[in-house]
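Peer 1: how does the following fold in three dimensions:
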Amino acid sequence: MPGGGFSKLPNGSVVVAIGLPSPAGDGRTVRFLVHAGNRARALTRLRNLGLRAVYLRGNAEPPTPDEITAVLHHPDGLLWRATTQELWHSIRSLPKEPAPETQRAA
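Peer 2: So this is what the prediction gives:
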């Protein structure tokens with residue numbers, strides 16, 4: 001699932017699909033779908049969620065028509081899933097990084 005791509009829609013907006021390591025740090029790859037005005041804004045939306053190393057190089061794995069339909073019908077325009085057998089999830093349900101353990105002074 002790593003890799004990504006984009007599709008330009010007739011109204012000028014784009015849907016970006018990109019595979020990234022899971023923010024939960026569990027070793028899984030998560031596929032994100034983002035609907036935005038352009039590619040730069042789509043990647044900025046992901047970076048604003050804390051996914052810092054987000055770059056789209058090429059168009060090797062553009063979103064499928066089913067993925068485009070899913071993200072266009074979601075109110076947030078931002079979805080994710082970890083496996084192809086899984087249903088799409090809202091970005092609000094994305095597991096967060098485990099909190100770093102705080103060191104107590106001795």
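Peer 1: what about the spatially closest residue to Pro21 that is not a sequence neighbour, how many residues nearby?
Peer 2: Leaving out its chain neighbours, the residue that sits closest to Pro21 by C-beta to C-beta, 6 or more residues apart in numbering is Thr29, at 6.3 Å. C-beta: built from backbone N, CA, C; applies to glycine. Residues near Thr29, counting by other C-beta atoms under 10 Å, number 13.
Peer 1: do the same with Leu56
Peer 2: That count, for Leu56 with other C-beta under 10 Å as the rule, works out to 18.
Peer 1: now do Gly27
Peer 2: Gly27: 7 neighbours (other C-beta under 10 Å).
Peer 1: beta partners of the residue nearest in space to the middle of the chain?
Peer 2: For the chain, the residue lying nearest the average C-alpha position, counting by C-alpha atoms, centre = their mean, turns out to be Phe32 (2.4 Å). Phe32 forms beta bridges with Ile18, Trp80, as assigned by DSSP bridges.
Peer 1: Ala24 versus Asp66, what's the distance?
Peer 2: Asp66 sits 25 Å away from Ala24, taking C-beta to C-beta, to the nearest Å as the criterion.
Peer 1: what's the answer for Leu43, then?
Peer 2: 21 Å.
Peer 1: more neighbours, those two?
Peer 2: Leu43 (20 against 14).
Peer 1: and that one, which of the three is it?
Peer 2: Classification of Leu43 using DSSP: H, G, I helix; E, B strand; the rest coil returns helix.
Peer 1: do the same with the one 4 residues further on
Peer 2: Three-state assignment for Arg47 (three-state DSSP): helix.
Peer 1: quick one: neighbours of the closest residue to it other than its chain neighbours, just the number.
Peer 2: Once flanking residues are discounted, Arg47 sits nearest to Val54: 5.4 Å by C-beta to C-beta, 6+ apart. Val54: 19 surrounding residues under other C-beta under 10 Å.
Peer 1: is Val54 in contact with Ala42, as I believe?
Peer 2: No. Taking C-beta atoms under 8 Å as the definition, Val54 is not a contact partner of Ala42, at 9.2 Å.
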